[in-house]
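Visitor: would you be able to build a 3D model of this:
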Amino acid sequence: MITDSDANWFTEIYSQGGCAYSLQIREKLHEEQSPYQRIEIYATTHFGNLMVIDGCYMLTTRDNFLYHEMMSHPALFTHPNPRRVAIIGGGDCGTLREVLKHPSVEHALQVDIDERVTRLAEQYFPELCESNGDPRAELYFGDGIQWMKDAEPGSVDVIIVDSTDPVGPAEGLFTEAFFRDCHRALGEQGVMVQQSESPLLHYESIIQPLHRAMRAAGFADSVTLPFPQPCYPSGWWSATMAGKGGDVLSFRVTDAGQKTFATRYYNAAIHQGALAQPEFFQG
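Guide: This is a model prediction of the structure:
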């Protein structure tokens, strides 16, 4: 929900949590109704460009690196040798860019239902799409839930579910049935990660049920990694990671510490710190 009481500000109101977040805007750059959702692009005064889908903040130029790095690098450094990666959602291509920084990755498939998100990202967030032409990258526009149902058993090393909030078409990405399909598609040491909303606002309603559904689907281990995300409700976000056979509390610390690519937030110490769980997660 948004309010237009002041034309110089865009405000997302999260009424369930009794909070809101505003960014000062210079102008609206684009607006359209795709076959799936309403997409708006704004130029802000301090956060670069802003993408809004169905009235909710999706990303800004200034702070998207926090989300994209934490959705990709912890999972890839947890897997012993990630070669085949599937990204469900992620139409802005920022997660795809981070995945392809890993030299071990041979193929990264991005499955998003709405091609318009990608085309608008190419226009208004070109830095996120700089790896779209990488020969290891494949863009497929279709239903991620159906794609996962059809995936060959053991055909993927890492699955990244870079989805919108669990409402509408994305609701099916938070279910035990979907996680069972992910479990089947992963190799023996496969790892999956799902964006899991705010630890402050959604721990009982989303994060705890997510762990239960992942375990019920057959995953041996799961952990939620919190990280800051200023433009999302509460400013505190999370990714929940599950392992098919391995320990998701362990990762390739040396490789992460000696990574051959640049990041702005993620490093081995950040990864280790995110594994330290808040006290209320123990309940």
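Visitor: use CA for all of it now, contacts and neighbours both
Guide: OK.
Visitor: could you point out which residue ranges in the stretch 51-200 of the chain have low pLDDT?
Guide: 167-169 (pLDDT under 70).
Visitor: can you give me the helices in it?
Guide: Using DSSP state H, counting those that start in this stretch, the helices found in the stretch 51-200 of the chain span residues 64-78, 94-99, 115-124, 144-150, 176-185, 199-202.
Visitor: tell me the most buried of those helices?
Guide: helix 94-99 (a mean of 26; mean count of other C-alpha atoms under 10 Å).
Visitor: from the contact counts, what lies against that one?
Guide: With contacts taken as 3 or more C-alpha pairs under 8 Å, 6 or more residues apart in numbering; DSSP states H and E, helix 94-99 sits against helix 64-78, strand 84-89, strand 107-112.
Visitor: sorry, back to before: out of the helices of the stretch 51-200 of the chain, which gets nearest to Gln229?
Guide: helix 64-78 (6.5 Å; C-alpha to C-alpha).
Visitor: how far out from the middle of the chain is the closest one?
Guide: Relative to its parent chain, helix 64-78 has a centroid offset of 8 Å by C-alpha atoms, centre = their mean, to the nearest Å.
Visitor: report the angle between it and strand 84-89.
Guide: Put simply, helix 64-78 runs at 150 degrees to strand 84-89, going by axes from the mean of the first three to the mean of the last three C-alpha atoms, to 10 degrees.
Visitor: returning to what we had before: looking at the helices and strands packed on helix 94-99, spot the one closest to Ile145.
Guide: Closest among the helices and strands packed on helix 94-99, using C-alpha to C-alpha: strand 84-89, at 8.2 Å.
Visitor: show me what the closest one is packed up against.
Guide: helix 94-99, strand 107-112, strand 156-162.
Visitor: list of residues touching the longest one?
Guide: Among residues not part of strand 156-162, those counted as contacts by C-alpha atoms under 8 Å, 6 or more residues apart in numbering are 71-72, 75-76, 79, 82-90, 95, 173, 182, 185-187, 189-195.
Visitor: where's Thr254, which helix or strand?
Guide: Under the criterion of DSSP states H and E, Thr254 resides in helix 253-257.
Visitor: swap in Thr263?
Guide: With DSSP H and E as the criterion, the answer for Thr263 is that it lies in no helix or strand.
Visitor: check the one 10 residues further on too.
Guide: Remark: Gly273 resides in helix 268-274, with elements defined by DSSP H and E.
Visitor: for that helix, packing partners?
Guide: Using 3+ C-alpha pairs under 8 Å, 6+ apart: helix 268-274 touches strand 221-228, helix 253-257.
Visitor: ok, which of the ones you listed comes nearest Phe125?
Guide: The nearest among these, by C-alpha to C-alpha, is strand 221-228 at 20.9 Å.
Visitor: what angle do that closest one and helix 64-78 make?
Guide: Using the same axes, to 10 degrees: strand 221-228 against helix 64-78 is 150 degrees.
Visitor: around the residue lying closest to Ser222 once chain neighbours are set aside, how many other residues sit close by?
Guide: Excluding its sequence neighbours, the residue lying closest to Ser222 (C-alpha to C-alpha, 6 or more residues apart in numbering) is Ala242, at 4.1 Å. Other residues lying near Ala242 total 28 when counted by other C-alpha atoms under 10 Å.
Visitor: now for Asp221: which residues touch it?
Guide: 215, 242-248.
Visitor: mind redoing it with 6 Å?
Guide: Taking C-alpha atoms under 6 Å, 6 or more residues apart in numbering as the criterion, Asp221 is in contact with 242-243.
Visitor: no further questions, thank you.
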